[in-house]
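Asker: Turn this into a model:
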Amino acid sequence: MFDTSVVFDAGVVGLRMLMPLFAIVIVYQCYAAMRRRRRPEKPLVSLYNPNTGGMIPVVFWENSIGRSKASDIIVNDLSVSRNHCVLLRRSAGWFISDVGSLTGTFVNGVRVNGRAQVLIDDIITVGNTEYQLKRGDDFTSPLRTNWFFSKVSDKPAIQAWKLMLMVTLFHLFMAVEAMFWNDGTNVYSPLVLFFALAAVEWGFFSVSYFALRRVNFELEALGLFLTGIGVMMLVRQVERSAYVQLIASGIGIALYCVIIKFIEDPDRSDKIRIPVMIAAVVFLSTSILLGKVTNGAANWVYIGSISFQPSEFVKTIFIFIGAGALDKLQTKRNLIEFIIFSIVCVGLCALMGDFGTALIFFVTFLLIAFMRSGDIKTVILAVAAAVFGVVIVLRFKPYVASRFEAWRHVWEYANDPGGYQQVRVLTYVASGGLFGVGIGNGYFKQYFASESDLVFGLVSEEMGVIVAIVIALAVALLMIYARAIATRTRSTFYSISSCCAAGLLVVQLSLNIFGATDILPLTGVTFPFISSGGSSIISCWGLLAFIKAADERTYSIKR
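Answerer: Residues are numbered from 1 along each chain as shown. I've put the predicted structure just below:
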């Protein structure tokens, strides 16, 4: 007699083996599409020197002019300041802004105060040097491009609806796999959750494609792919948590849309810097005053049955405050404000015992400081100050050091708090093998924080180490993508915010995975988009908005 159970079992095993390959294809198609359908690189305008007859191409929306080697347009004139002025493009045309030079900046002989508009054929005077603004087409020499520009592909990208269909099918396969679990109860609950997830995904796609008429949806598809994995992984944990995660994802997507619309004008951010800065400090202070100590850190605030982490929301604000238009960034007041704000954020996180988030803020500060100044000495000085701070903490709070005494020796503390979690992660990563044991069929889910801080172990056991590595690469490659588009953005605000948002996600990813596997000390930070936690998923979508805004196609091309 024909045994249908054998066929079902074979089908489920085949599905487990298919999903790693499917995940690789989805991530590849997302990133391949990000490189396509871009404008050819050419000068926007050019600067003609009537004394030398030389022509300088202007390829960026914001360009620093000065004697410094870090300037976009270097002027070899001793009367020119190292950072003299900024030539920038806005929707109303081209403008020039003096940034505190000694000799001033002039347009047609009139000294510039604030921003002054520059028209074609106008004369710009910096120090003893004059430039005439010309059209970009007037520059006829070959334009030198960097590696990222030369690798931009002209091939047609995969259609957005096809990419979304692939993402939805992957989540459907997860639901089908979760139906065949050891317990055998609530067989159809994964399908119910899948349909709710699909409604959110396709609702978001419809708004983007039909209402906003966006031509590119690959970054959103990548975010939905990761978010959906995190939601579906919870269906055999605590089903209620899966729906809470889905609702939080919807809130995060809404925040994503709001941020993209708000920062459409990069100058708008400067007008609310102070109120937003104050709000961030209030958020973190709330954790100290009202936070409940959980796992040694007072980073959770409870209001009735609702809990949230204020520090997660501050991550988005931190990027917002650190970035800015180029002519604003080069003022001393702006720099001092950001340094003070960074010290306060890191200090408050340290006071609440959330050293993982404090480390994330500090590394993000280093990224922003380097991108703002281009000076490695600034980064070295900041690192030296941080080392001094760590020494002080260990001197007056020795119990902090005791948290890391099991690091790199977790097998010696296999049954003690110092190494208990990491040993279980390593064990179940190995037991999951390449293709996993199936969603819901793993045993690691019974351990504390398996769905949040240690989710890498859960994914590895139930979906296999291949899928776990693929989703980690999906997040990590955001840094390369952000770097690739940084020089093509409409403002330094987008360049800095996108690179630093991607850097923050990668730092958080590294701390999560390497901490859970004993390569780094366990800090208790989440896996971006995958870990359970409403505050975390909302923060991740907020950070993804900065990367999306940096893509020149976001605001300039409509379907």
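
Asker: Quick one: find the helix or strand in the chain with the lowest mean pLDDT.
Answerer: Using mean pLDDT, DSSP states H and E, helix 147-150 stands out as the lowest-scoring helix or strand of the chain, at a mean of 41.

Asker: Tell me the first helix or strand C-terminal of that one.
Answerer: helix 160-179 (DSSP states H and E).

Asker: Who are the packing partners of that next one?
Answerer: helix 4-34, helix 189-206, helix 218-232 (3 or more C-beta pairs under 8 Å, 6 or more residues apart in numbering; DSSP states H and E). Yep, even glycine has a C-beta here, placed from its N, CA and C like the rest.

Asker: can you do 10 Å?
Answerer: Counting contacts by 3 or more C-beta pairs under 10 Å, 6 or more residues apart in numbering; DSSP states H and E, helix 160-179 packs against helix 4-34, helix 189-206, helix 218-232, helix 455-463.

Asker: The residue lying closest to residue 172 once chain neighbours are set aside - how many residues pack around it?
Answerer: Of all residues not flanking residue 172 in the chain, residue 194 sits nearest, at 5.8 Å (C-beta to C-beta, 6 or more residues apart in numbering). By the criterion of other C-beta atoms under 10 Å, residue 194 has 23 neighbours.

Asker: so of the helices and strands packed on helix 160-179, which one's packed in deepest?
Answerer: helix 455-463 (a mean of 29; mean count of other C-beta atoms under 10 Å).

Asker: and whichever helix or strand comes after that helix, which residues are buried?
Answerer: Elements were assigned by DSSP H and E; along the chain past helix 455-463, the next helix or strand is helix 465-485. Across helix 465-485, burial judged by 16 or more other C-beta atoms under 10 Å covers 465-472, 474-479, 481-482, 484-485.

Asker: what's the spacing between helix 465-485 and its chain's center?
Answerer: Averaging C-alpha positions (C-alpha atoms, centre = their mean, to the nearest Å) puts helix 465-485 11 Å from its chain's average.

Asker: relative orientation of that helix and helix 4-34 in degrees?
Answerer: 10 degrees (axes from the mean of the first three to the mean of the last three C-alpha atoms, to 10 degrees).

Asker: Number the residues from 33 up from this point.
Answerer: Sure, I'll start counting at 33 from here, so that last one is helix 497-517.

Asker: Can you tell me how far residue 502 is from residue 496?
Answerer: 10 Å (C-beta to C-beta, to the nearest Å).

Asker: overlap in contacts of these two?
Answerer: 51, 52, 55 (C-beta atoms under 10 Å, 6 or more residues apart in numbering).

Asker: Enumerate every residue touching the residue nearest to the first one when sequence neighbours are not counted.
Answerer: The reference is to residue 51. The spatial neighbour of residue 51 that comes closest, neighbours along the chain excluded (C-beta to C-beta, 6+ apart), is residue 205 at 5.8 Å. Going by C-beta under 10 Å, 6+ apart, residue 205 touches 47, 48, 50, 51, 54, 55, 226, 264, 471.

Asker: swap in residue 508?
Answerer: 501, 534, 537, 538, 541, 542, 545, 560.

Asker: Now with 7 Å, please.
Answerer: 538, 541 (C-beta atoms under 7 Å, 6 or more residues apart in numbering).

Asker: same deal with the one 10 residues further on?
Answerer: Taking C-beta under 7 Å, 6+ apart as the criterion, residue 518 is in contact with 527, 530, 531, 582.

Asker: mind giving me TSV with those and columns for secondary structure?
Answerer: Output for those, formatted as TSV (DSSP: H, G, I helix; E, B strand; the rest coil):
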residue	secondary structure
527	helix
530	helix
531	helix
582	helix
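
Asker: List just the nearest of these to residue 42.
Answerer: For the contacts of residue 518, the closest approach to residue 42 (C-beta to C-beta) belongs to residue 530, at 45.6 Å.

Asker: Contact partners for the closest one?
Answerer: Taking C-beta under 7 Å, 6+ apart, one finds 514, 517, 518, 578, 579, 582 in contact with residue 530.

Asker: Go again with 8 Å.
Answerer: Residue 530 is in contact with 514, 517, 518, 521, 578, 579, 581, 582, counting by C-beta atoms under 8 Å, 6 or more residues apart in numbering.

Asker: Pick the one among those closest to residue 349.
Answerer: residue 578 (11.5 Å).

Asker: Please report how far that closest one lies from residue 348.
Answerer: 8 Å.

Asker: between the two, what contacts are shared?
Answerer: Common neighbours of residue 578 and residue 348 (C-beta under 8 Å, 6+ apart) are residue 291.
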